[in-house]
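J.: 3D model of this:
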Amino acid sequence: MEDAIGQSGIIESQDEFYWYISEGKGGQNAFWRTPRESGNSLELWSGIERLSVFPLLDDNLDGMVDALDTGYGQFSLAKVRGLWVEYQYRLHDCKSERDTQLAQDYRSMRGETWRYFSPCQGLAIKSLC
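T.: Numbers count the residues shown, from 1 in each chain. Prediction:
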């Protein structure tokens, strides 16, 4: 799991899930999904410190994503083709070989500045379609 953190990827499914943040197996906040009908919950990403979710929209209803909306509000489910997720995480039991950690800034899709300290913290962007 930790090898996948920080990698971009696409997760695709036609199944319905509940997506939420809750305490993970390692005691840190984690991003989970639970099938709507039946099945076990799955911890997708652990160490979540910050999370933003944006709809990927099909504005002209041709089946293709046309826009990523960074505003808040309601969206027609007929136009939502997926989700764009940005998150900041902290690695569990990270031990840096450096005396000081490197401060880095990331400008989110909403224009916010997220400060994190590598190598024990990082950022990831995922597309859930």
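
J.: for Ser118, what are its contacts?
T.: Listed by Cβ atoms under 8 Å, 6 or more residues apart in numbering, the contact partners of Ser118 are Gln101, Leu102, Gln104. (C-beta placed from N, C-alpha, C; glycine too.)

J.: Next one: it from Tyr106, what distance?
T.: 11 Å (Cβ to Cβ, to the nearest Å).

J.: next helix or strand past the helix-or-strand element of the chain with minimal mean pLDDT?
T.: Lowest mean confidence among the helices and strands of the chain (mean pLDDT, DSSP states H and E): strand 10-11, at a mean of 48. Per DSSP states H and E, the first helix or strand lying C-terminal to strand 10-11 is strand 17-23.

J.: List the buried residues in that next one.
T.: Phe17 (16 or more other Cβ atoms under 10 Å).

J.: elements contacting that strand?
T.: In terms of contacts (3 or more Cβ pairs under 8 Å, 6 or more residues apart in numbering; DSSP states H and E), strand 17-23 is packed against strand 29-35.

J.: Report the central residue of the protein.
T.: Val85 (3.8 Å; Cα atoms, centre = their mean).

J.: so how far is Gly27 from the closest residue to that one other than its chain neighbours?
T.: Closest residue in space to Val85, ignoring its immediate chain neighbours: Lys126 at 4.6 Å, by Cβ to Cβ, 6 or more residues apart in numbering. The gap separating Lys126 from Gly27 is 23 Å, by Cβ to Cβ.

J.: neighbour-wise, which of the two wins?
T.: Lys126 (20 against 10; other Cβ atoms under 10 Å).

J.: who does the helix or strand containing that one pair up with?
T.: Applying DSSP H and E as the criterion places Lys126 in strand 121-128. Paired neighbours of strand 121-128 in the sheet (DSSP bridges): strand 10-11 (parallel), strand 80-90 (antiparallel).

J.: mean confidence for that strand?
T.: What strand 121-128 shows for mean pLDDT is 89.

J.: ok and it relative to strand 29-35, angle-wise?
T.: For strand 121-128 against strand 29-35, the angle by axes from the mean of the first three to the mean of the last three Cα atoms, to 10 degrees is 20 degrees.

J.: Having no further points to raise, I will conclude here.
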